[in-house]
Every structure is written in C-alpha cells, then in structure tokens.
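Novice: Predicted structure and sequence below. I'll ask about it afterward.
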Amino acid sequence: MAEISVVSTPNGIGWTCTVQVAESNGQTRHSVTLSRSDFEQLTNGKPTTPEELVKKSFEFLLERESKNQILRQFDLPAIARYFPEYPAEIRKKL
C-alpha cells in the first residue's frame, strides 16, 4: 500500500500541491496544480480540502498505474484526459 502525502500552497488562482508517493520499492514526487473552479467542479460542493482531493486522486491513479507512470507535473483535471471516468469516480471517493 502506498503512502501518499500532500502539501498544498495557495497560488492566486488555486493551489500548487507537492505530492510524495512512498512504497517499499521507493518514492516519487509530483507537482499538481488545481484551480478553485476545478476544485469546485470536481468536488461537486462536497466538504473537503484540496489536499484530500489530490490524495484521493492519487489513490485513483495508483489503482490504474504505478507511481512511476504518473506524470511528475500536471493540472489535476488532466487525469480525465487519460481516464474519462475520473470525475464521476472521484466524487464517489470523497
């Protein structure tokens, strides 16, 4: 089971999140951006935090690919380009 840590920093239009994914075979670091409007759209108004949304999003990704296959830098909604089911699935996980 991967250990996922997320630290977010406000950036004016939303947040920049530094994500670390640690497993027994090593760790990876990722930089993820998230705008306030994308946060609202992805959470559908559910009470959560940017950190929790990003963490659950990485759990979603790790169910489909290894930590080494996850892009090192991306905008969170880009996940839907690779996995069209992402928006609906992430709302269920929150």
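Specialist: That came through fine. Numbering: from 1, shown residues only.
Novice: In terms of helices and strands, where is Ile4?
Specialist: Take DSSP states H and E as the rule and Ile4 turns out to sit in strand 3-10.
Novice: C-alpha coordinates for that strand, CSV please?
Specialist: The C-alpha coordinates for strand 3-10 follow below in CSV (Å, rounded to 0.1, in the frame of the first residue of the first chain):
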residue,chain,number,x,y,z
GLU,A,3,1.7,6.2,1.5
ILE,A,4,0.6,9.5,-0.1
SER,A,5,1.5,12.8,1.4
VAL,A,6,0.2,16.1,0.0
VAL,A,7,1.2,19.7,0.9
SER,A,8,-0.7,22.5,-0.8
THR,A,9,0.4,26.1,-1.3
PRO,A,10,-2.1,28.8,-2.4
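Novice: Partner strands of that strand and their direction?
Specialist: Strands that pair with strand 3-10, judged by DSSP bridges, come out as strand 14-23 (antiparallel).
Novice: Just give me how far the strand holding Ile4 sits from the chain centre.
Specialist: Distance of strand 3-10 from its chain centroid, counting by Cα atoms, centre = their mean, to the nearest Å, is 9 Å.
Novice: Can you give me the buried ones in it?
Specialist: Under the neighbour-count criterion of 16 or more other Cβ atoms under 10 Å, strand 3-10 has Ile4, Val6, Ser8 buried. Quick note: C-beta positions are derived from backbone N, CA and C, even for glycine.
Novice: quick one: which of those residues is nearest to Ser24?
Specialist: Comparing those against Ser24 with Cβ to Cβ picks out Ile4 as the nearest, at 14.2 Å.
Novice: what sits against the closest one?
Specialist: Applying Cβ atoms under 8 Å, 6 or more residues apart in numbering to Ile4 gives the contacts Val19, Gln20, Val21, Ala22, Lys55, Phe58, Glu59, Leu62.
Novice: go with 7 Å
Specialist: Val19, Val21, Lys55, Phe58, Glu59 (Cβ atoms under 7 Å, 6 or more residues apart in numbering).
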